[in-house]
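Participant: quick one, what's the 3D model for this:
(chains A and B)
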Number of protein chains: 2
Amino acid sequence: MSPAKVTHENKRGWIIPIGGGDKKVKSSTIMQRFVELSGGSSSQMVIIPTASQLDTAGERTRDVFQELGVSEIEILDLETRADCNDPRLIEKLDNATGIFFTGGNQLRLATTIGGTDAAKSFRAGNARGIHIAGTSAGAAFVCEHMIAIGKSGGTPKRGMASLSPGLGLTNRVIVDQHFRERDRLGRLLTALAYNPFATGIGVDEDTAAFIGPDDVIEVFGSGGLTVVDPSGIEFSSMADAGMGQPVGLIGVQLHILLAGDRYDLKTQIAYSGGMAK
Amino acid sequence: MSPAKVTHENKRGWIIPIGGGDKKVKSSTIMQRFVELSGGSSSQMVIIPTASQLDTAGERTRDVFQELGVSEIEILDLETRADCNDPRLIEKLDNATGIFFTGGNQLRLATTIGGTDAAKSFRAGNARGIHIAGTSAGAAFVCEHMIAIGKSGGTPKRGMASLSPGLGLTNRVIVDQHFRERDRLGRLLTALAYNPFATGIGVDEDTAAFIGPDDVIEVFGSGGLTVVDPSGIEFSSMADAGMGQPVGLIGVQLHILLAGDRYDLKTQIAYSGGMAK
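Facilitator: Alright, predicted model coming up:
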């Protein structure tokens, strides 16, 4: 599920993992910014409540978009794999300008949507310019390599994070969410230590990483964005650690970014409100 | 670590996961076929013994290539991440016609090579036409989504397989090796059930899946190739299963292929020695 190819006449849409904490998110600048990007009151929003088992997850998100002045809002119930291959449902994605994945269980997203026509349509739409946001489970799901399950704690241990293939909008980052609130630095480090090729981003609640078409991240919201750059790792003991044993890592770069800060995933440079950190 | 782009003047090299069982492999048709593809006695072979902690793994593979008439053989000791970013070592890959990853521990491959210049060079080389084979751990490593660790048994259970990012030569398959010998159908099904977008291939010892530039697999060797096609899965209980609990799956396609059989990863059709199965 690699990202779909962006043709030269198109710009990829923004990819927007949000750290969860829905009550706060819904009053925040994050949803305002998402609606602005998607065309303001002319936005055509599609909400995907698949991750949730609560019938109201889609409705609550619809209410937020309505308060922000959006009138064209579709809640697309992709409940089963058959739904995800049903052309009458998939075609509703064609005219979307923004797509929003609610929170819940990211394995429900991957097991229901993975490998279906809907998954292809999300990737192709993003490559064509549709902006795609997800909160909590929806944030984890946007990546090629998704943290499916894991344990809390600050330092990495072998087996602390389990990965699975996600939607695959981007292969540059591995996202973790509810980051500060659930003490997840250890599991993000574990996920990166298996193969330190991607950049880790730990997103606090009521915080979002707006990943632009140029792969520069802009931070919005009231919490922090923890960027873990493993590209300089000189040594990792992951291959020799027993299951559940701590993993040694030498050479990890860490940045804590706040609203207004930026991070360039191509150059791996962090900017504090415009200044390189 | 998505596959590098194949430009229109090039054909991707073959990708060749081998199921392990080195003593048998070395007397078999598998290595003969790999040498033939790579240019016969004019092959320029590079052996990567990183997965192994045995000093002799590279030498033993070199002996096999020598017996098959190859004279240009380089054992490239990529022991540390610094080695994998050393231009004097990486440039030795430039003129290779075939690259061979020995067995050992696939997490040693991913933690040492992942995200380095060597990883980029392997992907770019394969996209340019270099053939890349790997046995056992080396076979697991060629995929974008690699089975890093797991448990034996025939039926899938949540958590039975742990994935990590691999080298990323292909995103179409997830490979498992020593397949029949270590009773691994359950863990391959588990790996696929997280997100049923890739095709699973379980490779027995002394057996290889030669994945051509056209993504058609040809089977060589004395064992079986178990192809698991999850694209028709209608239902999976993975998202609701507790850790260690069995996972229900409805609609998996299974093929057991032998030497001379083929499988087209694009159309998902199996051919028995030339006949569609």
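
Participant: every contact and neighbour count from this point should use C-alpha atoms.
Facilitator: OK.

Participant: all helices of chain A, in order?
Facilitator: Using DSSP state H, the helices found in chain A span residues A:22-25, A:29-37, A:57-67, A:81-84, A:87-90, A:106-113, A:117-128, A:137-141, A:185-193.

Participant: need those helices in CSV (columns: mean pLDDT).
Facilitator: As requested, these are exported to CSV (pLDDT from 0 to 100):
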stretch, mean pLDDT
helix A:22-25, 71
helix A:29-37, 96
helix A:57-67, 94
helix A:81-84, 96
helix A:87-90, 96
helix A:106-113, 96
helix A:117-128, 97
helix A:137-141, 97
helix A:185-193, 94
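
Participant: of all the ones you listed, which one is nearest B:Ser222?
Facilitator: Evaluated over these, closeness to B:Ser222 peaks at helix A:106-113, with 34.6 Å, by Cα to Cα.

Participant: does chain B sit close to that closest one?
Facilitator: Yes. Shown here: helix A:106-113 in contact with chain B (Cα under 8 Å from any Cα of the partner chain) through A:107-108, A:110-113.

Participant: and those, which two are the farthest apart?
Facilitator: For the residues of helix A:106-113 next to chain B, the farthest-apart pair by Cα to Cα is A:Leu107 and A:Ile113; their separation is 9.7 Å.

Participant: need the contact list for the residue in the stretch 151-277 of chain A that chain B sits nearest to.
Facilitator: Closest residue of the stretch 151-277 of chain A to chain B, Cα to the nearest Cα: A:Phe197 (3.7 Å). By Cα atoms under 8 Å, 6 or more residues apart in numbering or on different chains, A:Phe197 lies in contact with A:230-231, B:1, B:114-116.

Participant: what of A:Ile48?
Facilitator: So A:Ile48 contacts A:58, A:75-78, A:99-102 (Cα under 8 Å, 6+ apart).

Participant: how about A:Val173?
Facilitator: Shown in contact with A:Val173 (Cα under 8 Å, 6+ apart): A:143, A:198-201.

Participant: reformat those as TSV; add pLDDT and neighbour count.
Facilitator: TSV is the format used below for those (pLDDT from 0 to 100; neighbours: other Cα atoms under 10 Å in any protein chain shown):
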residue	pLDDT	neighbour count
A:Cys143	97	26
A:Ala198	96	25
A:Thr199	97	21
A:Gly200	97	23
A:Ile201	97	24
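
Participant: would you turn the residues you listed into CSV with distance to B:Ala82?
Facilitator: Converted to CSV, those look like this (distance: Cα to Cα, whole Å):
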residue, distance to B:Ala82
A:Cys143, 28
A:Ala198, 18
A:Thr199, 19
A:Gly200, 21
A:Ile201, 25
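
Participant: with just CA atoms, put stretch A:129-137 into PDB.
Facilitator: What follows is stretch A:129-137, C-alpha atoms only, in PDB (Å, rounded to 0.1, in the frame of the first residue of the first chain):
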ATOM      1  CA  GLY A 129      -5.100  16.800  -3.900                       C
ATOM      2  CA  ILE A 130      -7.800  15.700  -1.400                       C
ATOM      3  CA  HIS A 131      -6.700  16.500   2.200                       C
ATOM      4  CA  ILE A 132      -7.000  13.600   4.600                       C
ATOM      5  CA  ALA A 133      -7.100  14.000   8.400                       C
ATOM      6  CA  GLY A 134      -7.500  11.400  11.100                       C
ATOM      7  CA  THR A 135      -7.700  11.600  14.900                       C
ATOM      8  CA  SER A 136      -6.300   9.000  17.300                       C
ATOM      9  CA  ALA A 137      -6.800   5.600  15.500                       C
END
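
Participant: ok, of the contacts of A:Phe197, which one's closest to A:Leu254?
Facilitator: Nearest to A:Leu254 among those, with distances taken as Cα to Cα, is A:Pro230, at 8.7 Å.

Participant: distance check, that closest one against A:Gln253.
Facilitator: Separation of A:Pro230 from A:Gln253 (Cα to Cα, to the nearest Å): 6 Å.

Participant: so those two - more neighbours on which side?
Facilitator: For A:Pro230 and A:Gln253, the more surrounded residue by other Cα atoms under 10 Å in any protein chain shown is A:Pro230, and the numbers stand at 23 against 14.

Participant: was I right to think the more buried one contacts A:Leu192?
Facilitator: Yes. Contact criterion Cα atoms under 8 Å: A:Pro230 and A:Leu192 qualify, at 7.0 Å.

Participant: residues contacting A:Ser152?
Facilitator: Counting by Cα under 8 Å, 6+ apart, A:Ser152 has contacts A:160, A:182-184, A:186-187.

Participant: and chain B, which of those residues contact it?
Facilitator: Among the contacts of A:Ser152, no residue sits close to chain B (Cα under 8 Å from any Cα).

Participant: which of these sit farthest apart?
Facilitator: The most widely separated members of those, counting by Cα to Cα, are A:Met160 and A:Arg182 (13.6 Å).
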